[in-house]
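K.L.:
Quick one: sequence and predicted model below, then my questions.
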Amino acid sequence: MSPRRQYDESDVRIRPGKGSRPRTKQRPDHADAERAMVTGVDRGRYAVLVDPDGPHERRAIAMKARELGRERVVPGDLVDLVGDTSGDEGTLTRIVRIAERRTVLRRTADDTDPIERVIVANADQLVIVTALADPEPRTRMIDRCVAAAYDAGMDALLALTKADLADPAELVQMYAPIGVRVVVTRTEGSGDDRTIHGLDELHAALAGRTSVLVGHSGVGKSTLVNALVPDARRATGAVNVVTGRGRHTSTSAIALRVDALDGDAGPTWVIDTPGVRSFGLAHVEPDHLLQAFGELAQVAADTCPRGCTHAADAPDCGLDEWVAASADDTERDARAARVDSFRRLLASRLGTADADSAPAS
Ligand SMILES: Nc1nc2c(ncn2[C@@H]2O[C@H](COP(=O)(O)OP(=O)(O)OP(=O)(O)O)[C@@H](O)[C@H]2O)c(=O)[nH]1
C-alpha cells in the first residue's frame, strides 16, 4: 500500500473569477489586475514577468497579498497583480490571484519537511538530464522522475549527456517503450571552442514549451542550460534572481527564457531546479500513472478487477491477459515491454531515488 498522501495548502486550486471570489463584500475583486508569470522566488519576494510575451512585457518584483494566506506561489504560476506593476526600481506589486494550474510538479517530502510541496506549476515536460558516464546513470532515479512527470501531467524527456564517454544504446532501448523522448548530447573541445553536439535537437524538443530541467550534480545540466540561455550564468550565478542584487541565495526553481530558433512555435522556457534531487511520489495512484500509457489504461479499464493494483503480483490483472492474447511473438514482446515498463515505474514509487546506483543492465 502506498502511504496516504498529505494535503497541503497548495492543493487548493484557485479559479480566477470563481473559487477566488472574495468572501466578504469589503474585498475588492481586482477587476483591473494584470496577468504575470512567476519566474523566481526568494524569501517571500517573487520575480514576475508582467504581460509575458506581450507588447508591454516587463520584469517586476511582487509580494503575496494577505488574502492569499498560506497558498504557495511557485515558478511557472500565472498570477494576477495589483498596485504598482511598472517594474520600476524600488516598486513592489501585489499578487492577488493564482490562475488554475495546468500541471503541478511536487518535490519529495524529506526529513525537514514531511509534506510534498509544489515546486513548479504549468510546465509541459520534465527533462531528466543524465550522464551516460561520470557519474554513472541511475535508472531508478530516472524511473522516479518519469513517474513524477507523468503523474504531474507532463511529458518526460531524457537528455543523455557525455555520449563521448559511453554508448547511449542501452538506455535509449530501455526508455523507448515508456514513451520517453530521448536526446543524446556530447561536448567536443574545451573553453570557447567547445561545441555541444545534439544541442539543436534538444532545442527543437524544447521549442514552444515550458520544460523543467532536473539532474544530479556533475551530469552536465549547467553546461546545457548555459548553452541554451547564454545569460543564465548571470541569472543564476552571482545575482539574486529576485532583487537583481547581491548573491543568488535561493535554491528554488527559476524560469529562464530560451531564445527562439527560426520557426519556434511560441515562447520557450526552461525552469532550472537547483537542489531538487527527487520528486514526491507518495501520492501517485496506479490508475493515474496508467493514464500516461494510453492503450494500457484502456485495457485496464475494460478488463481489470475492481481495485486492481496492476502490479506484477496482482491477481487477474488485465494487463497480463492482454500480453498473453498477443497475435504473435513480436506483438507479445512489444506488449510485455510496455507492461514491464509501466510496472517498473509503479514500483519506483515505493523506493528512494538513491536506492540504486547500478547502471542499466
Ligand atoms: N566528457 C564530457 N564532459 C562533459 C559533457 N558535458 C559536460 N561535461 C563536463 O561535466 C562536468 C559537469 O558539468 P556541469 O555542467 O557543471 O554539470 P552540472 O550537472 O551542472 O553539475 P553541478 O554544476 O555540480 O550542478 C564539467 O566538467 C563539464 O565540462 C560531455 O558531453 N562530455
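P.N.:
Structure received. Numbering: from 1, shown residues only.
K.L.:
residues in contact with the nearest residue to residue 137 once chain neighbours are set aside?
P.N.:
Spatial nearest neighbour of residue 137, chain neighbours left out: residue 130 (4.9 Å); criterion: CB to CB, 6 or more residues apart in numbering. In short, each C-beta sits where N, CA and C put it, glycine included. Listed by CB atoms under 8 Å, 6 or more residues apart in numbering, the contact set of residue 130 reads 137-138, 141-142, 158-161, 171, 215, 219.
K.L.:
swap in residue 183?
P.N.:
Per CB under 8 Å, 6+ apart, neighbours of residue 183: 157-160, 198, 201-202, 205.
K.L.:
go again using 6 Å as the cut-off
P.N.:
Going by CB atoms under 6 Å, 6 or more residues apart in numbering, residue 183 touches 159, 198, 201-202, 205.
K.L.:
pretty sure it belongs to a helix, no?
P.N.:
No - read with DSSP: H, G, I helix; E, B strand; the rest coil, residue 183 is strand and lies in no helix.
K.L.:
I'd like to know how far it sits from residue 342.
P.N.:
23 Å (CB to CB, to the nearest Å).
K.L.:
what pLDDT does the closest residue in space to residue 204 that isn't next to it in sequence get?
P.N.:
Using CB to CB, 6+ apart and skipping the chain neighbours, the partner closest in space to residue 204 is residue 261 (7.2 Å). At residue 261, the model reports a pLDDT of 70.
K.L.:
and what of residue 39?
P.N.:
93.
K.L.:
what about it, which SS state?
P.N.:
strand.
K.L.:
The ligand versus that one, what's the distance?
P.N.:
For residue 39, the distance to the ligand (CB to the nearest ligand atom, to the nearest Å) stands at 20 Å.
K.L.:
and that residue, how many neighbours does it have?
P.N.:
A count of nearby residues for residue 39, using other CB atoms under 10 Å, gives 24.
K.L.:
Quick check: it touching residue 257?
P.N.:
No - taking contacts as CB atoms under 6 Å, residue 39 lies outside contact range of residue 257: 8.5 Å.
K.L.:
So which residues on this protein come close to the ligand?
P.N.:
161-162, 164-165, 185-187, 215, 217-223 (CB under 6 Å from any ligand atom).
K.L.:
Sort the residues you listed by pLDDT and name the bottom one.
P.N.:
Lowest pLDDT of these: residue 217, 85.
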